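Trainee: fold the following, please.
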Amino acid sequence: MFEALSRQDRLLLLKFVCAFAWVDLEVTDAERRFVERLVERLELEPSERAEVERWLSVAPSPQSVEPALIPAEHRRTFIETLRAVIYADGGVDEEERQRFEALKEKLHG
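Mentor: Predicted coordinates for the structure are as follows:
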């Protein structure tokens, strides 16, 4: 699933994942572990890993996670990964659900 992603797309995916982890204004330990496992799986360079750490410390700006940035051929991968991160902490609050549904709607129009 992730093999088809370019380095740039991998970082974009992680930016979206971190943004979704921040929806409830707190990145839980479970969400952080999810991101760390994903970073390992995506085989990021040290500088890229540092960028992801920054996104876990301070949420990415809303403009940097616009649905239009997601390449059409990778929409399914993004949706499935974002679904996984919002469930990583064992529960999905209403804000997370609404943002996820809004993203799906924008991607599938």
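Trainee: all helices for this structure, in order.
Mentor: For the chain, the helices defined by DSSP state H cover 7-21, 29-42, 46-57, 75-87, 94-108.
Trainee: from residue 35, how far out is the spatially most central residue of the chain?
Mentor: The residue lying closest to the centre of the chain (C-alpha atoms, centre = their mean) is residue 17, at 1.3 Å. Going from residue 17 to residue 35 by C-beta to C-beta, to the nearest Å gives 6 Å. Quick note: C-beta positions are derived from backbone N, CA and C, even for glycine.
Trainee: give me the low-pLDDT residue ranges for this structure?
Mentor: Within the chain, no range satisfies pLDDT under 70.
Trainee: so how far is residue 67 from the residue of it most remote from its centre?
Mentor: What lies farthest from the middle of the chain is residue 109; by C-alpha atoms, centre = their mean that is 20.0 Å. Relative to residue 67, residue 109 is positioned 10 Å away (C-beta to C-beta).
Trainee: and if you look at residue 87?
Mentor: In terms of C-beta to C-beta, residue 87 sits 20 Å off from residue 67.
Trainee: repeat for residue 86
Mentor: Distance from residue 86 to residue 67, by C-beta to C-beta: 16 Å.
Trainee: higher neighbour count, the two?
Mentor: More crowded of residue 86 and residue 67, by other C-beta atoms under 10 Å: residue 86, with 21 against 16.
Trainee: tell me how far the closest residue in space to the more buried one that isn't next to it in sequence lies from residue 48.
Mentor: Excluding the flanking residues, the one nearest residue 86 by C-beta to C-beta, 6 or more residues apart in numbering is residue 96, at 4.7 Å. Distance from residue 96 to residue 48, counting by C-beta to C-beta: 25 Å.
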